[in-house]
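K.L.:
Output the structure for:
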Amino acid sequence: MDKDASVRSGFESEAAGKEIVEDNRSKPQAFISVEGYDTRLPEDNIKTQLINHFNSCGEVVNVIVREDPDSPNLDRCALVILLGEGAEEKALQLNGTDIGGWKALVTVEPEEQEEEDEETQRYRSSLAEKVLNDRKFWYGVTVSGYDTSLPAHEVKTSLIEHFSSCGMITHVYVSTLDKMTNIYFHEKEGEARALVLCGTEVGEGFKITVEPVATIFTNLPPPSGDICFGYCIPAHMIEFAGEIHDKVATFKKHRRSI
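P.N.:
Model (predicted):
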């Protein structure tokens, strides 16, 4: 799934699947399904509307607007992931409310209500492990300060052009939620060269800030049982949390049909 699933960096929101929200298990979590929007609208528009509408319910850590595999439009159902006491109850109270000219049908995401058996847990873990250790996310930077009014695809094109001299770019993720973009390089030298571009201008009058992004190297997890302040999940895990969530949901449905 190569789409921009909004998630918070520091990974976006890092959490859309259970493996991503693991770090926040002490906080109440809510997986909310939302329907009712015009599936022909741009993905970024729907995400922005959902973020603005549900941010009063708790911390919006991810908004996933899936594509419909059978049409050029979006899927009719989006997933909003919240953290915070009473987030689920507050979100459900917004059922039937107006969001930019359309009424929201708000329910609890069904896949997250059931306990996972060992086989499903192993499958989820294998997906997360594969994404976590993917080499193309070893070296990267996070960029902010560009014109966030531009569509995500224009931001992506502009930043690829700006950072192309740093080395081979392996992946670019534009987070409309955090108004930041993560850019990954094939070699560590690419990351170093990209950091030097902090303060340079992209577009008309927009000076960018370039900082290291959380990777498996820059944010090593603490030893089991230890307390480690400042640790965050590698940023790319947030981006692909939605994909992992979808694959696990499909896996569950397949198992139930057997």
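K.L.:
element containing the nearest residue to residue 179 once chain neighbours are set aside, please.
P.N.:
Closest residue in space to residue 179, ignoring its immediate chain neighbours: residue 148 at 4.6 Å, by C-beta to C-beta, 6 or more residues apart in numbering. Just so you know, the C-beta spots here come from the backbone N, C-alpha and C atoms, and that holds for glycine as well. Assigned by DSSP states H and E, residue 148 falls within no helix or strand.
K.L.:
how close does residue 148 get to residue 245?
P.N.:
26 Å (C-beta to C-beta, to the nearest Å).
K.L.:
just residue 188 next, same as before
P.N.:
31 Å.
K.L.:
More neighbours: these two, which one.
P.N.:
Each of residue 188 and residue 245 has its neighbours counted (other C-beta atoms under 10 Å); residue 245 has more, 29 against 12.
K.L.:
and that one, that one's in a strand?
P.N.:
No. With DSSP: H, G, I helix; E, B strand; the rest coil as the criterion, residue 245 is helix rather than part of a strand.
K.L.:
how about the helices in the protein?
P.N.:
43-54, 87-92, 118-132, 152-163, 188-196, 235-239, 241-257 (DSSP state H).
K.L.:
looking at these, which is closest to residue 208?
P.N.:
helix 152-163 (7.9 Å; C-beta to C-beta).
K.L.:
okay, the angle between the closest one and helix 43-54?
P.N.:
110 degrees (axes from the mean of the first three to the mean of the last three C-alpha atoms, to 10 degrees).
K.L.:
Pull the residues that contact helix 152-163.
P.N.:
Applying C-beta atoms under 8 Å, 6 or more residues apart in numbering, the contact partners of helix 152-163 are 4, 43-44, 143, 146-148, 150, 169, 172, 174, 176, 181, 183, 194, 197, 200, 202-203, 208.
K.L.:
now do 10 Å
P.N.:
Outside helix 152-163, the residues that touch it by C-beta atoms under 10 Å, 6 or more residues apart in numbering are 3-4, 6, 42-44, 47, 141, 143, 146-151, 169, 172-176, 179, 181, 183, 185, 190, 193-194, 197, 200-203, 206, 208, 210.
K.L.:
taking these one by one, which sit in strands?
P.N.:
In this view, the contacts of helix 152-163 that belong to strands under DSSP state E are 6, 141, 143, 169, 172, 173, 174, 175, 181, 183, 185, 210.
K.L.:
Can you tell me which of those is nearest residue 32?
P.N.:
residue 6 (14.2 Å).
K.L.:
picking up where we left off before, write the PyMOL selection for whichever of the contacts of helix 152-163 are buried.
P.N.:
Buried subset of these, written as a PyMOL selection, criterion 16 or more other C-beta atoms under 10 Å:
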select buried, resi 4+6+43+44+47+141+143+146+150+169+172+173+174+175+176+181+183+185+190+193+194+197+202+208+210
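K.L.:
Could you tell me how many residues sit around residue 71?
P.N.:
Residue 71: 10 neighbours (other C-beta under 10 Å).
K.L.:
what residues are up against the closest residue to it other than its chain neighbours?
P.N.:
The shortest distance from residue 71 to any non-neighbouring residue, by C-beta to C-beta, 6+ apart, is to residue 39 (7.9 Å). Neighbouring residues of residue 39 by C-beta under 10 Å, 6+ apart: 46, 65, 67, 68, 71, 72, 73, 74, 75, 76, 77, 78.
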